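Student: Sequence and computational prediction follow.
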Amino acid sequence: MSFNFFVPIERELEVVERNLICNIDSSVPILNEASQHLVSAGGKRLRPAFALLSAKIFKDDINDIIPMAVALELIHMATLVHDDVIDDSEVRRGTQTVKSGWGNRVSIYAGNYIFARALSIIASYGRNDILDILADASMKICEGEIVQMMSSFDITKGLKNYLRRIERKTALLISVSCQLGAVLCNANQRDINALKLYGYYLGMAFQITDDILDYIADEEVLGKPTGSDIRQGVITLPALFALKYSSKREELARLLASPQLCNAYTDYIIEAVIDSGGIDYAYEVSSRFAFKAQKELALLPDVEVKKNLSDIADFILQRNY
């Protein structure tokens with residue numbers, strides 16, 4: 001993600017980065033190593049950035065938002081550690097996963113520890129409304145991951161199932177990040193709802209683009225192997241389109257329903273999905289969500305930082321990582 005979008009919150013993001021390390025400092029060496037490896041692997045830091053940018057709409061001094069921004073990234077990181085165990089992932093962001101370096105058991109405890117640290121930070125605000133929002137989102141994220149796991153290699157699941165999956169996998173936490181940036185500034189309900197919807201639509205666009213990149217990205221730029229979704233049996237929007245409209249749809253259905261064939265014929269499946277027009281269709285859907293996100297911004301106070309939020313929506317459609 002280009003840091004040009006984050007210029008108004010550059011200083012605050014630097015503080016967030018430092019605080020991420022401080023907040024996962026454990027007295028247990030192996031837990032400390034695994035957790036710090038996760039932070040040093042980097043990331044886009046989208047969730048803290050959205051919380052900070054959303055708050056910047058309402059006030060200039062947003063130091064009080066920094067702990068929430070840290071907590072949001074910690075929650076995201078905890079879900080990634082657990083995801084890598086479930087998906088048996090060896091590489092993320094171009095470096096080894098905690099699962100790869102320390103094994104499943106340490107990964108599970110590291111994820112739990114990081115999530116508990118996030119809860120501790122959130123509790124320091126002493127606001128039940130914030131706890132309720134994050135607890136609800138966390139439960140839905142877990143439900144979404146289970147739904148995705150249960151629908152692996154299931155070619156009978158359609159668009160509705162896919163949209164619900166990506167809503168809970170990605171859009172919810174981005175939506176909550178935008179929402180909480182406004183809530184902590186005691187913004188009015190209309191502005192809070194507009195930012196919540198902006199984050200939701202943007203999160204949907206972001207995940208669809210992510211699913212597209214799994215087919216067409218450069219592996220070195222992406223930081224993980226292409227075709228990962230196919231090998232894990234995760235049927236995303238490009239494949240859903242191909243299963244309905246490709247001239248090879250019957251063959252694709254047979255391949256995508258089989259773990260063994262998905263692993264053996266990953267490159268062939270990628271080529272068939274691209275040839276079907278599935279990538280173009282997914283870009284079109286992603287663009288519609290990004291446009292909806294930008295429409296929500298029109299309801300917010302007319303301040304300079306709104307342009308940054310609008311430009312992020314444009315960038316998401318063009319990104320290659």
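Tutor: It's in.

Student: is it true that Leu53 touches Glu12?
Tutor: No: using Cβ atoms under 8 Å, Leu53 and Glu12 do not qualify as a contacting pair, with a distance of 9.6 Å. C-beta here means a position set from N, CA and C on the backbone, and glycine is covered the same way.

Student: of those two, who's got more company?
Tutor: For Leu53 against Glu12, the residue with the higher neighbour count under other Cβ atoms under 10 Å is Leu53, and the figures read 26 against 22.

Student: So the more buried one belongs to a helix, correct?
Tutor: Yes: judged by DSSP: H, G, I helix; E, B strand; the rest coil, Leu53 forms part of a helix.

Student: roughly how far apart are it and Ser310?
Tutor: Distance of Leu53 to Ser310, given as Cβ to Cβ, to the nearest Å: 11 Å.

Student: Please apply the same query to Leu131.
Tutor: Leu131 sits at a distance of 31 Å from Ser310 (criterion: Cβ to Cβ).

Student: cool, Ser26 as well?
Tutor: Distance check for Ser26 against Ser310: by Cβ to Cβ, it reads 40 Å.

Student: ok, now Glu33?
Tutor: Per Cβ to Cβ, Glu33 is found 41 Å from Ser310.

Student: ok, and what's touching the helix or strand Asp267 falls within?
Tutor: Under DSSP states H and E, the secondary-structure element containing Asp267 is helix 266-276. The contact list for helix 266-276, computed with Cβ atoms under 8 Å, 6 or more residues apart in numbering, reads 215-216, 226-227, 230-231, 238-239, 241-242, 245-249, 251-252, 255-256, 262, 279.

Student: try stretch 4-17
Tutor: Outside stretch 4-17, the residues that touch it by Cβ under 8 Å, 6+ apart are 3, 45, 48-49, 52-53, 56, 62-63, 65-66, 69-70, 73, 304-305, 308, 311-312, 315.

Student: Inside strands: which ones of those residues?
Tutor: Members of the contacts of stretch 4-17 lying in strands (criterion: DSSP state E): none.

Student: For the stretch 1-150 of the chain, give me the ranges with low pLDDT.
Tutor: Counting by pLDDT under 70, the stretch 1-150 of the chain contains low-confidence ranges at 1-3, 42, 93-94.

Student: where do the helices sit along the stretch 51-200 of the chain?
Tutor: In the stretch 51-200 of the chain, the segments counted as helices under DSSP state H, counting those that start in this stretch are 66-87, 98-123, 128-150, 159-166, 172-183, 189-216.

Student: May I see the ones you listed organised as CSV, with distance to Cys22 and mean neighbour count added?
Tutor: Putting these into CSV (distance: least, Cβ to Cβ, whole Å; neighbours: other Cβ atoms under 10 Å) gives the following:
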stretch, distance to Cys22, mean neighbour count
helix 66-87, 9, 23
helix 98-123, 10, 19
helix 128-150, 21, 15
helix 159-166, 32, 17
helix 172-183, 20, 26
helix 189-216, 27, 22
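
Student: Now render those helices as JSON lines, adding distance to Glu271.
Tutor: As requested, the helices of the stretch 51-200 of the chain are arranged in JSON lines below (distance: least, Cβ to Cβ, whole Å):
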{"stretch": "helix 66-87", "distance to Glu271": "23"}
{"stretch": "helix 98-123", "distance to Glu271": "29"}
{"stretch": "helix 128-150", "distance to Glu271": "24"}
{"stretch": "helix 159-166", "distance to Glu271": "21"}
{"stretch": "helix 172-183", "distance to Glu271": "32"}
{"stretch": "helix 189-216", "distance to Glu271": "9"}
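
Student: show me the contacts for the residue nearest in space to the middle of the chain.
Tutor: Centroid-nearest residue in the chain, with Cα atoms, centre = their mean: Thr170, separated by 4.0 Å. Each residue near Thr170 by Cβ under 8 Å, 6+ apart is listed here: 203-204, 206-207, 210.

Student: what's the answer for Leu72, then?
Tutor: 47-48, 51, 118, 173, 176-177, 180.

Student: Would you quantify the distance from it to Gly233?
Tutor: According to Cβ to Cβ, Leu72 and Gly233 sit 29 Å apart.

Student: repeat for Gly203
Tutor: The spacing between Gly203 and Gly233, counted by Cβ to Cβ, is 23 Å.

Student: and for the helix or strand hosting Ala290, what are the contacting residues?
Tutor: Under the criterion of DSSP H and E, Ala290 resides in helix 278-297. By Cβ under 8 Å, 6+ apart, the list of residues contacting helix 278-297 from outside reads 194-195, 197-202, 204-205, 208-209, 211-212, 215-216, 236-242, 245-246, 273, 306, 309-310, 313-314, 316-317.
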